[in-house]
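Novice: Build me a model:
(2 chains)
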Amino acid sequence: MTATTHDHAAHADEPYGLKRWFVTTNHKDIGSMYLLWSLAMFLVGGAMALVIRAELFQPGLQLVDPYFFNQMTTMHALVMIFGAVMPAFTGLANWMIPLMVGAPDMALPRMNNWSFWLLPFGFAILLSTLFMPGGGPAGGWTMYPPLMLQTGMAFPFVIFAIHVLGISSIMGSINVVATVLNMRAPGMTLMKMPLFVWTWLITAYLMIAVMPVLAGAVTMLLTDQYFGTSFFSAAGGGDPVLYQHIFWFFGHPEVYILILPAFGIISTIIPTFARKPLFGYSSMVYATASIAFLSFIVWAHHMFTVGMPLAGQLFFMYSTMLIAVPTGVKVFNWVATMWRGAMTFETPMLFALAFVFLFTIGGFSGLMLAIAPADFQYHDTYFVVAHFHYVLVTGAVFAILAAAYYWMPKWTGHMYNERLAQWHFWLSTVFVNVLFFPQHFLGLAGMPRRIPDYSVQFADWNMISSIGGFGFGFAQLIFVYLLYKCIRGGQEAEARAWEGAEGLEWEVPSPAPHHTFETPPVVR
Amino acid sequence: MHTVAVRTLLSLGLLGLGLVVSPAMADYSLINMTQGVTESSRQIYGLHMTIFMITVVIGVLVFGAMFYSIFRHRKSRGVKPAKFHHSTAVEIVWTVIPFVILVAMAVPATKVLVDLDDTSRAEMTVKVTGYQWFWGYEYIDEDVQFLSRLDTDSDRARQLDSGIQPASVDNYLQNVDKRLVLPINTRIRFQITGADVIHSWWMPDLGWKKDAIPGFVNETWTNIDEPGVYRGRCAELCGRDHGFMPIVVEAVEKDAFQAWLAERQGGVVEDSANTATIDDESQVSDAVAAR
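Specialist: Numbers count the residues shown, from 1 in each chain, chains lettered A, B, ... in the order given. You can find the predicted model right below:
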């Protein structure tokens, strides 16, 4: 059989309609599903955040019961982390890694299908808990015992949902590792890989290392609740703080899982629009690897107030401060990449520049939080809320939006509407700061996190923050509309959609055909 | 496209800035950490301001370079992009300098941490117990103990759709029925624990919070300089009414404290923890609402 007839036969057999999406093993189809799923969850999690911001608009309880408020803070975090940000990165990996390394598909396409399709089931379970007797989980996304053990019927369902989502993440990661290590085009050595591929490779290892740890921690919660163990109960010889150590051993690498691929995206976009190669490629790779290594030895900085021995507090303070060094190298390298370039400011670049500026602000507050004695004041306040939203929203989410604008021409074959996109960017950037910057003040002035109501001195900043929240939330609808328009039509995109874009993904036509690189390209 | 960007930036930026800045001018304590009323809290405030200023200086330098580049090195000005892509010397410099700054910062932070960790030489000990959702205080060896709950005015106003304006309530959500009375200029050890779930006893004016963990006792200490009434809160999510278990410390002169203690010791029956049955109004409402 010749290659042509084989191709023809393969296409004739391909399912269409709904079935196509259920059974697809194509990395582009799966990538698209991941990305659309992530957008849907971003809106669901955002709606939960708006419930929170609406209740906090003024002092006094006007809208929801405190217990429901706690369900909203808990679910908002779980949905955003496991439903929006992680699947968005996995979607980008699916779409772009085979194109970037010159592979025909992901290494394990059937597993790829399954790792996506676990998500809707996992989230069906998780979101359904909101309608169960006793409501959904309300102990925070960190699920600390003993409080978490007070959850009603939702308890085992939440844990099962986390297991399902964890399996999905692990399989997605195994696929990335297998693809990157085995399927690179001839000539593409590790140190020639695009940085997005590098950061994802390292992220995948982090996920494979820590998702089982989370699964273990929540399983121990389950056995404590139903099978008479007392891992986390002092009355039975256990220790509630043990849970926190296990959880954060997962949780700290997890925050780098949520940001390392973003570093890769920014390292791709800035050189494109500065028309100048990335400054310090190899130091970027080493910095990413150092951050990943350090992420395993800093976990207890989330727990400075639990009463650790002095030596422990000192160790975790020093190791945490050290992370500022490789992270600083990254920021300096980005600025040096811009330096004496010839920049233009299309929307992907705008989001990338906002990322550098605002993520760095989140990094600064992170450095402040590392100082253990000061953390005795900052811990569990809105200062922390402001910090991690700067790194997660103006960090991870802005990078994902930058990536979406950057590669949308390659995905859809159309240029998006630049005018609408700039509205989306400016409204998002202004409102996100109105939303989160005042939260630094609230935390320093003494407002704890995770409270549904507050004393009146916090009223002004909360009202401003809520205005920012609604502004930011509704600005995202522009993106939904813009994406819809871009899929439906628009100016035809060239193969190399951006003047300065480098990399194999720009060698194939736009939109990328269903099958690409069936014959591997040769990288010199 | 440029005009859209500029117009949007200007109008929304100014609106946002106006909203953000105007109330900020009113009161410094609404935007920054309190200096507190102990030596430790002032040291913590000092660390906070030092590290903050370091980040501001680094921020000015890095963002300055970035914005200079954004304005100067743009294609619309007809520049040709340079070709350089690494410089070992520069990269070593900007690895080493942050490292040195961090070491310089770690030294004072270590000093404060070591000092805070030393709970010896205490002149008295107070045991703090976190409950869902109130605090218990016990003056060790003094036979004085009591529970401290959200005051009834706040409790009425905080019910869903109570119709009571929070601003009309004295110290809404930061007032209690019984204050923790402490002497000034006394080294006081705290032993902090939880009865049901994890809570966290946070008094910003003392400079710290400490988790109240069931089955374990955490120790820390303070030494208050100034008489006054200080207000704090539970800082660790502890369930439905986490936001409604404030802390009030009343710091008084030593002899006033002794007098207060003697009075309490006379009337222990009324205030002891044995009376912690569900007869208090706030607890009844909690129990009903939580089902």
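Novice: Now the residue of chain A found nearest chain B. Nearest residue, chain neighbours left out?
Specialist: Using CB to the nearest CB, the closest approach of chain A to chain B is made by A:Ala234 at 2.1 Å. C-beta: built from backbone N, CA, C; applies to glycine. Sequence neighbours aside, B:Gly215 is the residue nearest to A:Ala234 in space, at 2.1 Å (criterion: CB to CB, 6 or more residues apart in numbering or on different chains).
Novice: Quick check: that neighbour touching A:Ala235?
Specialist: Yes. Contact criterion CB atoms under 8 Å: B:Gly215 and A:Ala235 qualify, at 6.4 Å.
Novice: between these two, which one's more packed in?
Specialist: For B:Gly215 and A:Ala235, the more surrounded residue by other CB atoms under 10 Å in any protein chain shown is B:Gly215, and the numbers stand at 18 against 9.
Novice: ok, that one - contacts?
Specialist: Going by CB atoms under 8 Å, 6 or more residues apart in numbering or on different chains, B:Gly215 touches A:Ser233, A:Ala234, A:Ala235, A:Asp239, A:Pro240, B:Thr193.
Novice: What about those, which one has the most neighbours?
Specialist: Greatest neighbour count in the contacts of B:Gly215, by other CB under 10 Å, goes to A:Pro240: 24 neighbours.
Novice: Please determine how far the nearest residue to it once chain neighbours are set aside is located from B:Asn185.
Specialist: The shortest distance from A:Pro240 to any residue other than its chain neighbours is 5.0 Å, reached at A:Phe232 (CB to CB, 6+ apart). For A:Phe232, the distance to B:Asn185 equals 41 Å [CB to CB, to the nearest Å].
Novice: Would you mark the buried spots in stretch B:164-179?
Specialist: B:Ile164, B:Pro166, B:Val169, B:Asn171, B:Tyr172, B:Leu173, B:Gln174, B:Asn175, B:Val176, B:Asp177, B:Lys178, B:Arg179 (16 or more other CB atoms under 10 Å in any protein chain shown).
Novice: Check what pLDDT A:Ile30 gets.
Specialist: In this model, A:Ile30 is scored at 97, pLDDT.
Novice: Now do the contacts for it.
Specialist: Contacts for A:Ile30 (CB under 8 Å, 6+ apart) come out as A:Thr24, A:Gly91, A:Asn94, A:Met106, A:Asn112, A:Asn113, A:Phe116.
Novice: Show me the shaky parts of chain B.
Specialist: Scanning chain B for pLDDT under 70 picks out the ranges B:1-27, B:267-291.
Novice: Mind doing that once more with 80?
Specialist: By pLDDT under 80, the low-scoring segments of chain B are B:1-27, B:266-291.
Novice: For it, which residue gets nearest to chain A?
Specialist: Using CB to the nearest CB, the closest approach of chain B to chain A is made by B:Gly215 at 2.1 Å.
Novice: now A:Glu499, nearest residue through space, not along the chain?
Specialist: Per CB to CB, 6+ apart, closest to A:Glu499 is A:Arg275, 7.1 Å.
Novice: Against A:Leu350, how distant is the closest residue to A:Ala292 other than its chain neighbours?
Specialist: Leaving out its chain neighbours, the residue that sits closest to A:Ala292 by CB to CB, 6+ apart is A:Ile202, at 4.9 Å. Distance of A:Ile202 to A:Leu350, given as CB to CB: 27 Å.
Novice: Can you name the residues that contact the spatially most central residue of chain A?
Specialist: Nearest to the geometric centre of chain A sits A:Val85, at 3.0 Å (CA atoms, centre = their mean). Neighbouring residues of A:Val85 by CB under 8 Å, 6+ apart: A:Ser38, A:Leu258, A:Leu392, A:Ala396, A:Val397, A:Ile400.
Novice: Over to B:His242?
Specialist: A:Pro66, A:Asn70, A:Arg450, A:Ile451, B:Trp133, B:Cys234, B:Glu236.
Novice: can I get the buried residues of stretch B:164-179 in CSV with distance to A:His424 and secondary structure?
Specialist: What follows is the buried residues of stretch B:164-179, written out as CSV (distance: CB to CB, whole Å; DSSP: H, G, I helix; E, B strand; the rest coil):
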residue, distance to A:His424, secondary structure
B:Ile164, 42, coil
B:Pro166, 36, helix
B:Val169, 42, coil
B:Asn171, 43, coil
B:Tyr172, 39, coil
B:Leu173, 38, coil
B:Gln174, 41, coil
B:Asn175, 45, coil
B:Val176, 48, strand
B:Asp177, 51, coil
B:Lys178, 54, coil
B:Arg179, 52, coil
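Novice: Could you export the contacts of B:His242 as TSV, including distance to A:Trp339, neighbour count and secondary structure?
Specialist: Shown next, in TSV, are the contacts of B:His242 (distance: CB to CB, whole Å; neighbours: other CB atoms under 10 Å in any protein chain shown; DSSP: H, G, I helix; E, B strand; the rest coil):
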residue	distance to A:Trp339	neighbour count	secondary structure
A:Pro66	51	25	helix
A:Asn70	47	26	helix
A:Arg450	42	21	coil
A:Ile451	45	24	coil
B:Trp133	55	24	coil
B:Cys234	49	28	strand
B:Glu236	45	28	coil
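Novice: how about CSV for these, with distance to A:Phe123 added?
Specialist: As requested, these are arranged in CSV below (distance: CB to CB, whole Å):
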residue, distance to A:Phe123
A:Pro66, 25
A:Asn70, 20
A:Arg450, 23
A:Ile451, 27
B:Trp133, 32
B:Cys234, 32
B:Glu236, 28
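Novice: interface residues of the stretch 401-524 of chain A facing chain B?
Specialist: Within reach of chain B by CB under 8 Å from any CB of the partner chain, the stretch 401-524 of chain A has these residues: A:418-419, A:422-423, A:425-427, A:430-431, A:433-434, A:437-438, A:441, A:444-446, A:448-461, A:464, A:467-468.
Novice: Tell me which entries of those lie within helices.
Specialist: Among those, DSSP state H puts A:418-419, A:422-423, A:425-427, A:430-431, A:433-434, A:437-438, A:441, A:444-445, A:459-461, A:464, A:467-468 in helices.
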